[in-house]
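>>> Sequence and predicted structure, then a few things I'm wondering about:
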Amino acid sequence: MSIEHRSITVGDLEFDVRIGGPDNGPAVLLLHGFPTTGACFDQVVERLHESGLRTIVPDQRGYSAGARPEGAENYVLEHLVSDAIGILDTLGVGYTMVVGHDFGSLVAWHLTAKHPQRVTGLVAISVGHPSAMAASLASNGDQRERSSYILDFVKPGSEDAMLADDAKYLRDLVPDDSVLPLTERPALTAALNWYRANMTGDVKSHLACGPIEAPTTVLWGDSDPALGREQAEASGRFVYSDFRFSALEGVDHWIPQNAPAAVASEIALRSSVW
């Protein structure tokens, strides 16, 4: 089934969005993380279309060339959530399953908490509920060590190291070509602004997120070097609905690319449960 590439305007920003699957199928909004575009879900959406689901995959703020405002203050989670809602509104989608990976999971958690009437279910990949993550960072030395890379992301000039040697750091980090747009400095700066806006200063306040009322699954790879089990599994404390934690044995951080069948199965399961 073919993918339609559309430019969708939300306010004064233009987002590149991939749309596929049957027009009347239940909607699934998939939100990528750093440093990938929505192309990281390519192998997942193929399987979802076979299950009769309609997929909406935006390149989010900073990743779409037409949605790249200057200044880290323009990349707080509130704006990222509003972008996603604006895309749904423009497409006339009243409610949807929400899927997020990496930083996209933080957007997905916040969207689900703030707009429960729009969400039929949530599948969060790698990153648990923001409150579980904040608690794990505060009390778990292992998670603080795992997350220490963020200190490099937020410091001024971090782009230089990431783009050195033909962006070797970025190319080696991600197992597919979804990283390539970030090998251009403007895109990389905008993507890093997600961290500079939300992972500096009072991080607990920035991440603060309400409880989740939608049926929720957290997918976590047990070989993930950046995210520990505690922050993922403890997310159930913040879900006031059916909660499922699924640990994928031998899978690293890049679950959408390296375990697309597992991701698609969990999404399809959540869709059928709803």
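Arrived safely.
>>> Can you tell me the centre-most residue of the chain?
Gly104 (1.5 Å; Cα atoms, centre = their mean).
>>> Wait, that one touches Leu31, no?
Yes. The pair Gly104 / Leu31 is scored as a contact, 3.5 Å apart, by Cβ atoms under 8 Å. Where you see a C-beta, it was placed from the backbone N, CA and C, and this is true even at glycine.
>>> tell me, what's touching those two both at once?
Common neighbours of Gly104 and Leu31, using Cβ atoms under 8 Å, 6 or more residues apart in numbering, are Gln60.
>>> rewinding a little: what comes into contact with whichever strand or helix holds the residue nearest to the centre of the chain?
For Gly104, the host element (DSSP states H and E) is helix 103-114. Here helix 103-114 makes contact (Cβ under 8 Å, 6+ apart) with 30-34, 60, 77-78, 80-81, 84-85, 98-100, 118-119, 122, 124-130, 133, 194-195, 198, 207, 209-214, 216.
>>> likewise stretch 249-261?
Residues outside stretch 249-261 that contact it (Cβ under 8 Å, 6+ apart): 40-41, 43-44, 46-47, 101-102, 125-126, 174-176, 178, 219, 221-227, 248, 262-263.
>>> pLDDT of it, averaged?
If you average the pLDDT over stretch 249-261, you get 98.
>>> How far off centre is that stretch?
Distance, stretch centre to chain centre, for stretch 249-261: 14 Å (Cα atoms, centre = their mean, to the nearest Å).
>>> Over to stretch 210-225?
Stretch 210-225 has its C-alpha centroid displaced from the chain centroid by 12 Å (Cα atoms, centre = their mean).
>>> and it, C-alpha only, in CSV?
Extracted C-alpha coordinates of stretch 210-225, given in CSV (Å, rounded to 0.1, in the frame of the first residue of the first chain):
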residue,chain,number,x,y,z
GLY,A,210,-0.6,13.8,34.5
PRO,A,211,-2.0,10.2,34.8
ILE,A,212,-3.0,8.2,31.8
GLU,A,213,-6.6,7.1,31.3
ALA,A,214,-6.0,5.2,28.0
PRO,A,215,-5.0,1.5,27.7
THR,A,216,-1.2,1.6,27.6
THR,A,217,1.7,-0.6,26.5
VAL,A,218,5.3,0.1,27.2
LEU,A,219,7.8,-1.7,25.0
TRP,A,220,11.4,-1.8,26.2
GLY,A,221,14.5,-3.6,24.9
ASP,A,222,16.6,-5.3,27.5
SER,A,223,19.8,-4.3,25.6
ASP,A,224,19.0,-0.6,25.6
PRO,A,225,22.1,1.3,26.8
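>>> In that stretch, which residues are buried?
Gly210, Ile212, Ala214, Pro215, Thr216, Thr217, Val218, Leu219, Trp220, Gly221, Asp224 (16 or more other Cβ atoms under 10 Å).
>>> and the second one, what does it touch?
Shown here is Ile212, whose contacts under the criterion Cβ under 8 Å, 6+ apart are Trp109, Thr112, Ala113, Pro116, Leu122, His129, Phe238, Val239, Tyr240, Ser241.
>>> Let me see the ranges of the helices in the stretch 101-250 of the chain.
Using DSSP state H, counting those that start in this stretch, the helices of the stretch 101-250 of the chain run over 103-114, 130-139, 141-146, 149-154, 158-173, 185-198, 203-207, 229-233.
>>> Determine which stretch of those is the most buried.
helix 103-114 (a mean of 26; mean count of other Cβ atoms under 10 Å).
>>> right, and Ala132 touches Val239 too?
No. With contact defined as Cβ under 8 Å, Ala132 does not count as touching Val239 (9.9 Å).
>>> And the pLDDT for the residue nearest to the centre of the chain?
If you check Gly104, the pLDDT there is 98.
>>> Let me see the contact set for the closest residue to Ser147 other than its chain neighbours.
Spatially, and ignoring its direct neighbours in sequence, Ser147 is nearest to Leu137 (6.3 Å; Cβ to Cβ, 6 or more residues apart in numbering). Leu137 makes contacts with Gln143, Arg144, Ser147, Val203, Gln231, as judged by Cβ under 8 Å, 6+ apart.
>>> gap between Leu137 and Gln231?
Distance from Leu137 to Gln231, counting by Cβ to Cβ, to the nearest Å: 8 Å.
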